[in-house]
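Asker: what follows is a predicted protein model with its sequence.
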Protein chains: 2
Amino acid sequence: MKPGKMRRLTVATFVVATLALGATGTASADDEDAIAYRQHIMKSLQEQTAALGKIMSGAAPDDNAVAHMETLALIASTALKSFEPKVPGGESKPEVWGDWDDFSGRMRKFAELTATMAQAAREGGKDAGLAHAIEALNCKSCHDVYRKPRSP
Amino acid sequence: MKPGKMRRLTVATFVVATLALGATGTASADDEDAIAYRQHIMKSLQEQTAALGKIMSGAAPDDNAVAHMETLALIASTALKSFEPKVPGGESKPEVWGDWDDFSGRMRKFAELTATMAQAAREGGKDAGLAHAIEALNCKSCHDVYRKPRSP
């Protein structure tokens, strides 16, 4: 074998080995932090959406409705940043980073729609905000594409 | 037995039976909603505190720090309302309602301290806000008194 070919093979082997390690190896502490951080944000979105849902269904008093909508807009504005480190794992499908343009576009749209909802709530009251809730909080449309199915 | 005494005994029996039913009976759907609603709020506080903690320990980038502090202040402002329905259960100790003056005073203080933290962050930046974080987010001081110990 020619020396040039051998060097190329060695490099190729190293690359393949590194990729395999990345795919199967234990996550580093930094990777675990990145996953935990975005999960804290997504879980707080989930809890605030559920709280607002209780109000929308009449199961909880509506005093906090405007505050929940403002909270959701604030959290939504932080979500994309938490996915910027390219660390697959947790409940995220690899497509988050594979289709980053689509994913990040949807996340920005989510932040915009919740901001519109919060502004309507601040200016026009609870019902004005809630008129935007179904469109703004269409969590499923992204989860169906970018979140791993949860075990039953 | 005199009729008056019998009536008093009957009333007393009714009261005791009602209290016993309240203490041991199955929670109504309304009660479950009240418990779920406050748990959504407390869990979102927990997730946002954890997210801010990741930043404070250097485990996550600090871009969202101000937003997390504003979010915490907003959620804290909604928490007391969610405990107003006197529905023991979940992780709440009965002392929440038994010592309501103390509990509600602490909750109001928590809302004030997080609002101060958020204002400092908005006006002076991340570090100005974080200088208030330890005092504002002293969750343990209330949980030790008002939350049931979690199973290990």
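Answerer: Okay, I see it.

Asker: next structured bit after the lengthiest helix in chain A?
Answerer: Identified as the longest helix of chain A according to DSSP state H is helix A:29-56. Following helix A:29-56 in sequence order, the next helix or strand is helix A:65-83 (DSSP states H and E).

Asker: surely A:Lys126 is in contact with A:Pro61?
Answerer: No. Assessed by Cβ atoms under 8 Å, A:Lys126 is found out of contact with A:Pro61, at 11.2 Å. From N, CA and C alone the C-beta is placed, and that goes for glycine too.

Asker: right, and A:Gly129 touches A:Thr116 too?
Answerer: No. Applying Cβ under 8 Å as the test, A:Gly129 and A:Thr116 come out as separate, 9.2 Å apart.

Asker: and the longest helix of chain A, what does it pack against?
Answerer: helix A:65-83, helix A:139-146, helix B:29-56, helix B:65-83 (3 or more Cβ pairs under 8 Å, 6 or more residues apart in numbering or on different chains; DSSP states H and E).

Asker: just the angle between that helix and helix A:139-146, please?
Answerer: 150 degrees (axes from the mean of the first three to the mean of the last three Cα atoms, to 10 degrees).

Asker: near A:Cys139, how many other residues are there?
Answerer: 14 (other Cβ atoms under 10 Å in any protein chain shown).

Asker: ugh, wrong one, A:Asp33
Answerer: 18.

Asker: out of A:Gly129 and A:Thr116, which sits in the busier spot?
Answerer: A:Gly129 (27 against 15).

Asker: please report phi then psi for that one.
Answerer: The phi/psi pair for A:Gly129 (degrees, to the nearest 10) reads phi -70, psi -50.

Asker: would you mind measuring from it to chain B?
Answerer: 14 Å (Cβ to the nearest Cβ, to the nearest Å).

Asker: swap in A:Lys86?
Answerer: From A:Lys86 to chain B the distance is 13 Å (Cβ to the nearest Cβ).

Asker: that's a strand at that residue, yeah?
Answerer: No. Secondary structure of A:Lys86 (DSSP: H, G, I helix; E, B strand; the rest coil): coil, not part of a strand.

Asker: so where's chain A shaky on pLDDT?
Answerer: Residues of chain A that meet the criterion pLDDT under 70 lie in A:1-26, A:152.

Asker: determine which of the helices and strands packed on helix A:29-56 approaches A:His40 most closely.
Answerer: Among the helices and strands packed on helix A:29-56, helix B:29-56 comes nearest to A:His40, with 3.9 Å by Cβ to Cβ.

Asker: just give me the neighbour total for the nearest residue to A:Val145 once chain neighbours are set aside.
Answerer: Counting by Cβ to Cβ, 6 or more residues apart in numbering or on different chains, A:Glu95 is the residue found nearest to A:Val145 once chain neighbours are left out, at 6.7 Å. Residues contacting A:Glu95 under the criterion other Cβ under 10 Å number 14.

Asker: surely A:Glu95 meets A:Tyr146?
Answerer: Yes. Between A:Glu95 and A:Tyr146 there is a contact at 5.8 Å, judged by Cβ under 8 Å.

Asker: what residues are shared contacts of these two?
Answerer: A:Phe103 (Cβ atoms under 8 Å, 6 or more residues apart in numbering or on different chains).
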